[in-house]
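Asker: The sequence isn't on hand, but the structure is:
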């Protein structure tokens with residue numbers, strides 16, 4: 001029996017899907033994609049005869065489509081935005097498919113975090129400034145309590161997903177210095193990408209003034225400063 005392919009579509013630019021992901025997309029018979037989070041060019045370019053927007057679909061609606069397709073010998077692709085390993089909600093899908101005796105393979109993608117870092121020409125880990133990256137999200141509908149305050153006490157680079165509508169509330173709870181560099185990247189790698197630079201104390205207002213209310217990533221840390229203090233050249237080039 002065929003397996004179901006879970007593919008990371010990348011952050012937005014259709015050229016940023018992997019070669020393997022592109023090849024599988026080109027031979028898909030059934031494509032289930034993550035709504036507006038996946039570039040429509042990728043969806044339109046697939047020859048799949050059946051295409052489903054997963055936005056608003058329940059697992060009980062999606063899984064039977066995948067199972068039926070596999071049992072009919074079709075190539076089934078589940079296309080997620082970015083990389084499925086970050087806030088992709090793939091585990092519950094894989095669990096239900098395995099209960100049906102169906103195997104899955106995941107093809108990684110380029111996360112919007114790395115798309116944003118590329119747009120900023122930034123290095124998330126920078127010797128003498130930050131050696132770690134914290135990826136997190138604020139509390140909300142599906143998370144009762146977050147650890148943003150505790151994590152921000154470390155002073156390491158932070159990437160906060162799923163919080164564009166809460167920027168003021170998030171930044172008010174950060175333990176790092178108010179002058180710490182903060183950046184909001186909207187639609188990283190999409191044609192309408194926007195980059196808003198500021199500090200912890202003013203980034204929320206700057207993003208609001210720019211009309212950014214969704215689909216953005218909040219990055220915090222002095223690795224994003226124009227001239228990061230404390231930076232030590234890598235041993236690679238010493």
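Answerer: Perfect, I can see it now. Remember, it's a predicted structure, so these values are computed and weren't measured experimentally.
Asker: tally of neighbours for residue 141?
Answerer: 6 (other Cβ atoms under 10 Å). Just so you know, the C-beta spots here come from the backbone N, C-alpha and C atoms, and that holds for glycine as well.
Asker: How much space separates it from residue 218?
Answerer: 18 Å (Cβ to Cβ, to the nearest Å).
Asker: before we move on, what about residue 92?
Answerer: 26 Å.
Asker: who's more crowded, the two?
Answerer: More crowded of residue 92 and residue 218, by other Cβ under 10 Å: residue 218, with 28 against 10.
Asker: any idea which element the more buried one lies in?
Answerer: Element membership for residue 218, per DSSP states H and E: strand 216-220.
Asker: ok, how many other residues are close to the closest residue to residue 165 other than its chain neighbours?
Answerer: Nearest residue to residue 165, sequence neighbours excluded (Cβ to Cβ, 6 or more residues apart in numbering): residue 213, at 5.9 Å. Look at residue 213: counted by other Cβ under 10 Å, it has 12 neighbours.
Asker: part of a helix, is residue 213?
Answerer: No. Going by DSSP: H, G, I helix; E, B strand; the rest coil, the assignment for residue 213 is coil, not a helix.
Asker: just checking, it touches residue 164?
Answerer: Yes. Using Cβ atoms under 8 Å, residue 213 makes contact with residue 164 at a distance of 6.1 Å.
Asker: The chain - how does it break down into domains?
Answerer: Annotated domains of the chain cover 3-107, 112-224 [the TED database].
Asker: possible to save these as CSV with mean pLDDT and distance to residue 234?
Answerer: Shown next, in CSV, are the domains of the chain (pLDDT from 0 to 100; distance: least, Cβ to Cβ, whole Å):
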stretch, mean pLDDT, distance to residue 234
domain 3-107, 96, 26
domain 112-224, 96, 6
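Asker: Test for you: state the pLDDT assigned to residue 230.
Answerer: With respect to pLDDT, residue 230 scores 87.
Asker: Spatially nearest residue to it, not counting backbone neighbours?
Answerer: Distances taken as Cβ to Cβ, 6+ apart put residue 128 closest to residue 230, at 4.3 Å, once the chain neighbours are dropped.
Asker: Distance across stretch 23-42, terminal residue to terminal residue?
Answerer: 12 Å (Cα to Cα, to the nearest Å).
Asker: Same check on stretch 212-231?
Answerer: Termini of stretch 212-231 sit 31 Å apart (Cα to Cα).
Asker: Likewise for stretch 151-159?
Answerer: Start-to-end, stretch 151-159 (Cα to Cα) is 11 Å.
Asker: Next, the buried residues of it.
Answerer: 151-152, 155-159 (16 or more other Cβ atoms under 10 Å).
Asker: Tell me the one among the residues you listed nearest to residue 133.
Answerer: Distances from residue 133 to those, taken as Cβ to Cβ, are shortest for residue 157 (4.8 Å).
Asker: Show me what that closest one is bridged to.
Answerer: residue 133 (DSSP bridges).
Asker: how near is it to residue 176?
Answerer: Separation of residue 157 from residue 176 (Cβ to Cβ) stands at 11 Å.
Asker: any common contacting residues for the two?
Answerer: residue 220 (Cβ atoms under 8 Å, 6 or more residues apart in numbering).
Asker: Compare the domains of the chain and give me the one nearest residue 230.
Answerer: Closest to residue 230 of the domains of the chain is domain 112-224 (Cβ to Cβ; 4.3 Å).
Asker: Switch the domains of the chain over to TSV; also include distance to residue 230.
Answerer: Below are these laid out as TSV (distance: least, Cβ to Cβ, whole Å):
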stretch	distance to residue 230
domain 3-107	28
domain 112-224	4
